[in-house]
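> The sequence and its predicted three-dimensional model are supplied below.
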Amino acid sequence: MSYQITISQSGREKIFQVETGADLLEIINKSDFYLPSYCGGQGICGKCRVLMRPEPEAKDPEREMLSSQEIQVGVRLACLHQVESDLEIEIEEGGEINILTGEEEVSCSLSPGWQQSYLKIEEPELYDQRSYLTRVFEKAGCRSIEPRALDRLEDIVEGKFGPMGKGSDNNSRSKSTQALAAVIQDEKVVDLRSADRPGRLLGAAVDIGTTTLVFYLLDLESGRQLAVDSAYNPQKKFGADVITRVQHTQGNPEGINELRDTLVKALNRGLVDTAAKVGSGTDDIYRLTLAGNTIMLHTLLGKDCEKIARSPFVPLFSEQLSFRPEALSLKLNPGGEVELLPSISGYVGADITADMLATGVGDSPEYQLLIDIGTNGEIALGRNDKIYACSVAAGPSFEGGNISSGMAALPGAVDSFKVFDDDLEYTTIKKEKPRGICGSGLLDLIGGLLEIGIITETGALQQPGSMPEFWQKRYQELEEVKALKLFSEGESQGEREIYLTQKDIRQFQLAKGAIRAGIEILQQEADISKEEIKDVYLVGGFANYLAPEMACRIGMVPEVLSDRIQQAGNGAGAGARMMLLNRKLAEKARELKEKTSYLELSSNMKFQEEFTSQMSF
């Protein structure tokens, strides 16, 4: 039996006929509506809220995670419900996520391994029996040709691209010539076109993040950046973090194919859209470099990543790999190349290699610290002879997950707070009414409450009698959990009260404690003092928007390093672009990989001790 499902969001509406028992969250995800689901549909994050008509009976997890008012008006968690009748589903407004692209151009020497040369080829005559291809090779300095380019040469010879041009040399007799544009990689002719329609020689770099994709289009002849585009990583419908996505493949024979196909489709769409911004097509893109964490790169290749999720956490590959576009079903010139940057380990990926290329970590004789703050926090500490790296499970708190009123960096997310004894100031993305709190806002809020004594050094909310009057009025207990009401129904979007709860603070302590413990373990491994660390680079979306002084105040970064912090933006995107423009950096990337020692912390007792001690503020 089938039922009619009507789904609406932000003025967009779609109607579907689905079979009874169909999973509601899966239907929404396949319909390309935006609905967060940090836990991948396991019913534990409470983020996939929808308004259902008619409303089904609330289930036990919903009674724990939703307010009584939300349940009364028909709010439910999509992942907990199957279709058993006709339904109308309303999803809260989505909007475009605030993605850190890093649009500034990168600086490096230009040596992409590709060039476009203009050739004048003399037409054969009775006294000159050289083949057309020999003439191309002699002019281009090449020894081989791609089959597609040979087909193009045949079309040009047969006049399919217009009449032959006329030229003359210094001899008395005039000779017919054909003007060609040859795209050359090393000593191979990859493409041939008529010189009056030469096309462009473009390259693309993509930062494949767990949450977002960032596309960069560059001119390989000048090195100039032409366009930038960004999008969600649509794999989010299988879970907000990489482990949840790996779980999607366990016991599911089609799971890895679903992850691969979803990602490839998004990459192709992004390449097409980015090229269109400059009036080009993907046939003009000859070189593509990709940076991402190890699991993202495994899913791109459709390779089993379950082994990364279980001890001893070893990936199928971590090396730098090159492919032809057709091998990955990617839309660029068929004669082009796709290059994956090398990873360090299963949980320190090619994005960190790219970060190190961009920041220069590993070049200096002095120690430098690199921190990529996200669901998986990757940390590297080293100098030109040795680098130490680790990964810590920070959890999704920095991206709004596991936080009662947390959300991604979407319009309406509170992205900064200023906390006073008698006031609370804030800003939101796009200056909209508050919808929730994103990572940078949460850091400001907890750091500010810590400074005025509302939160103790152990992370506990004070009793209301110890708070200033302004905060006493905001204090509540929600099902015996201490909380501060930040925004009333009338002050927020969606007529939903926005809180900071004691549980939220604990989740944040777990995340910040993991990052700091990782720093301490690497410092101990390097056997150096904090004074010996010259530079600290914070990379990634959350790290770019946080207030460095607050990161030090809460103890996520040692305070002694506060004057050495540099926010390096999207280091992965910058490193991927550098590799795009200079293929000689491939050797440097391999060297970075070889001199980096990865520390596995899952069974490291020193880490467990540090983690416990670093949870306090």
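Looks like it arrived, so ask away.

> Give me the buried stretch members for stretch 32-45, please.
33, 34, 35, 36, 37, 38, 39, 40, 41, 43, 45 (16 or more other C-beta atoms under 10 Å). In short, each C-beta sits where N, CA and C put it, glycine included.

> Repeat that for stretch 440-453.
440, 441, 442, 443, 444, 445, 446, 447, 448, 449, 450.

> can you confirm the first one is in a helix?
So that's residue 440. Yes. According to DSSP: H, G, I helix; E, B strand; the rest coil, residue 440 belongs to a helix.

> re earlier: dump the buried residues of stretch 440-453 into CSV; add pLDDT and secondary structure as well.
Output for these, formatted as CSV (pLDDT from 0 to 100; DSSP: H, G, I helix; E, B strand; the rest coil):
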residue, pLDDT, secondary structure
440, 94, helix
441, 96, helix
442, 97, helix
443, 96, helix
444, 97, helix
445, 98, helix
446, 97, helix
447, 97, helix
448, 97, helix
449, 98, helix
450, 97, helix
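
> low-confidence ranges in this protein?
94-103, 160-175 (pLDDT under 70).

> Using the record's assignment, carve it into domains.
Structural domains annotated on the chain: 2-90, 114-194, 202-340, 360-396+510-614, 402-507, as defined by automatic domain parsing.

> any idea how far residue 446 is from the residue most central in space within the chain?
Note on the chain: the residue nearest the mean C-alpha position is residue 209, at 1.9 Å, using C-alpha atoms, centre = their mean. Counting by C-beta to C-beta, to the nearest Å, the gap between residue 209 and residue 446 amounts to 25 Å.

> likewise residue 119?
For residue 119, the distance to residue 446 (C-beta to C-beta) stands at 64 Å.

> Minimum distance to residue 353: which of the domains of the chain has it?
Residue 353 lies closest to domain 360-396+510-614 among those, at 5.5 Å (C-beta to C-beta).

> got the end-to-end distance for that closest one?
29 Å (C-alpha to C-alpha, to the nearest Å).

> Equivalent analysis for stretch 340-355, please.
Start-to-end span of stretch 340-355 (C-alpha to C-alpha) is 14 Å.

> Off-centre distance for it?
13 Å (C-alpha atoms, centre = their mean, to the nearest Å).

> Where do the helices of the stretch 501-617 of the chain begin and end?
Ranges of helices in the stretch 501-617 of the chain, per DSSP state H, counting those that start in this stretch, are 502-526, 541-545, 548-553, 571-581, 585-594, 605-614.

> Could you pull out the buried residues of the second one?
Applying a neighbour-count criterion of 16+ other C-beta under 10 Å, the buried positions in helix 541-545 are 541, 542, 543, 544, 545.

> Repeat that for the first one.
Judged by neighbour count (16+ other C-beta under 10 Å), helix 502-526 contains these buried residues: 502, 504-505, 507-523, 525-526.

> got the buried residues of stretch 440-453 as a markdown table, with distance to residue 402 columns?
As requested, these are exported to a markdown table (distance: C-beta to C-beta, whole Å):
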| residue | distance to residue 402 |
| --- | --- |
| 440 | 16 |
| 441 | 15 |
| 442 | 11 |
| 443 | 15 |
| 444 | 18 |
| 445 | 15 |
| 446 | 14 |
| 447 | 19 |
| 448 | 21 |
| 449 | 19 |
| 450 | 20 |
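
> State the helix or strand in which residue 192 lies.
Per DSSP states H and E: residue 192 is located in strand 188-194.

> What's the first helix or strand after that strand?
Immediately after strand 188-194, counting by DSSP H and E, sits strand 202-208.

> coming back round to it: can I get the strand holding residue 192 as PDB, trimmed to CA atoms?
Taking Å, rounded to 0.1, in the frame of the first residue of the first chain, the C-alpha atoms of strand 188-194 are listed here in PDB:
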ATOM      1  CA  LYS A 188      52.600  13.900 -24.400                       C
ATOM      2  CA  VAL A 189      50.000  15.700 -26.500                       C
ATOM      3  CA  VAL A 190      46.800  15.300 -24.500                       C
ATOM      4  CA  ASP A 191      44.500  17.500 -26.600                       C
ATOM      5  CA  LEU A 192      44.500  19.400 -29.900                       C
ATOM      6  CA  ARG A 193      42.300  22.200 -31.000                       C
ATOM      7  CA  SER A 194      42.200  24.700 -33.900                       C
END
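
> could you say what helices and strands it packs with?
Applying 3 or more C-beta pairs under 8 Å, 6 or more residues apart in numbering; DSSP states H and E, we find strand 188-194 packed against helix 132-140, strand 144-145, helix 147-157, strand 175-185.

> What does residue 107 show for phi and psi?
phi -120, psi 120 (degrees, to the nearest 10).

> Just give me the neighbour total for it.
9 (other C-beta atoms under 10 Å).

> ok, now residue 129?
With other C-beta under 10 Å as criterion, residue 129 counts 8.

> Roughly how far does it sit from residue 410?
68 Å.

> same check, this time on residue 41
Taken as C-beta to C-beta, the span from residue 41 to residue 410 is 20 Å.

> now swap in residue 403 and tell me
Distance, residue 403 to residue 410, using C-beta to C-beta: 14 Å.

> Please say which of the two ends up with more neighbours.
Neighbour tally, residue 403 and residue 410, criterion other C-beta under 10 Å: the higher count belongs to residue 403, 29 against 23.

> Pull the contacting residues for the more buried one.
Residue 403 makes contact with 397, 437, 442, 504, 507, 508, according to C-beta atoms under 8 Å, 6 or more residues apart in numbering.

> same question, residue 154
No contacts exist for residue 154 under C-beta under 8 Å, 6+ apart.

> same question, residue 350
For residue 350, the contact set (C-beta under 8 Å, 6+ apart) comprises 290, 291, 292, 293, 294, 297, 340, 341, 342, 343, 572.
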